[in-house]
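In: Let me see the structure of the following:
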Amino acid sequence: MLGFLQIIYPSFKYYFLNAVTTNILLLQILSYSPIVLSTIFMIYIGRYYQGSMTKRAILALINGRILAFILKGILFYFLIQWFVGYSLKNPNVLYVIADYTSWIVNIFTDINTNTEGLYKYYYVYVIPTLRDTALKIILTMMLFAVFPYLTIFFKSSINRSKKYKIKKEYENY
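Out: Below you'll find the predicted structure:
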């Protein structure tokens, strides 16, 4: 749901509600918080990257996470691209979505929306932002998939160099 709000909310704020930077920042933080928290957890687990069994277990966990993030990012990217292409080729699909949305809005709120206005809003503002959002989502999924992997190897190389330095100093003593 947050990904969908991330697609529609910025254009809605810019054109209808005079966007406030703190609101946009809060929306961005909320939409990326599960990925960021998962990344922080993986970095924390990287502290225990020492024994051979522990290394294999952590690598299996991170490899599964990387694969899941990359597949989700690619799937979501192609799903959005397909939807954009399909809706631009068949404008009736957008009209049906606008009609359904106006029906839902009229049930739950007192705002009287018309289908033509929502159709123009979808066509003019939402559909063009879908491509940018799809690209942002796939890039952030790739970044947050690879970042813990790199930090674990960076930490392990630092630990290895410290151990090697201590070993050399001990031998020279």
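
In: show me what contacts the residue sitting nearest the centre point of the chain?
Out: By CA atoms, centre = their mean, the chain has its centre lying nearest to Ile137, at 4.6 Å. Going by CB atoms under 8 Å, 6 or more residues apart in numbering, Ile137 touches Gly3, Gly73, Phe76, Tyr77, Ile80. (Glycine included, C-beta is placed from N, CA and C.)

In: Look up how far Asp99 lies from it.
Out: 27 Å (CB to CB, to the nearest Å).

In: Find the nearest non-adjacent residue to Phe76, please.
Out: Ile137 (5.7 Å; CB to CB, 6 or more residues apart in numbering).

In: likewise Tyr122?
Out: Leu94 (5.2 Å).

In: so which helix or strand takes in the one you found?
Out: Using DSSP states H and E, Leu94 falls within helix 91-108.

In: Not counting its own residues, what contacts the next helix-or-strand element following that helix?
Out: Following helix 91-108 in sequence order, the next helix or strand is helix 115-121 (DSSP H and E). Outside helix 115-121, the residues within contact range by CB under 8 Å, 6+ apart are Leu94, Tyr95, Ala98, Asp99, Thr101, Ser102.

In: And helix 115-121, what's buried?
Out: Neighbour-count burial for helix 115-121 flags Thr115, Leu118, Tyr119, Tyr121 (criterion: 16 or more other CB atoms under 10 Å).

In: Could you identify the helix or strand that succeeds that helix?
Out: Helix 115-121 is succeeded, C-terminally, by helix 127-172 (DSSP H and E).

In: Mean pLDDT per helix and strand in the chain: which one sits at the bottom?
Out: The helix or strand of the chain with the lowest confidence, counting by mean pLDDT, DSSP states H and E, is helix 2-16 at a mean of 51.

In: remind me which residues of this structure are low pLDDT?
Out: 1-24, 27-28 (pLDDT under 70).

In: again, only this time at 90
Out: Applying pLDDT under 90 to the chain picks out residues 1-70, 72-73, 76, 80, 83-88, 90-160, 163, 169-173.

In: Any buried residues in the helix or strand hosting Met42, and which?
Out: Using DSSP H and E, Met42 maps to helix 21-45. Of all the residues in helix 21-45, those buried under the rule 16+ other CB under 10 Å are Leu27, Ser31, Tyr32, Ile35, Thr39, Met42, Ile45.

In: With distance to Arg65 as extra columns, can I get these in TSV?
Out: Formatted as TSV, the buried residues of helix 21-45 follow (distance: CB to CB, whole Å):
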residue	distance to Arg65
Leu27	25
Ser31	19
Tyr32	16
Ile35	10
Thr39	9
Met42	7
Ile45	10
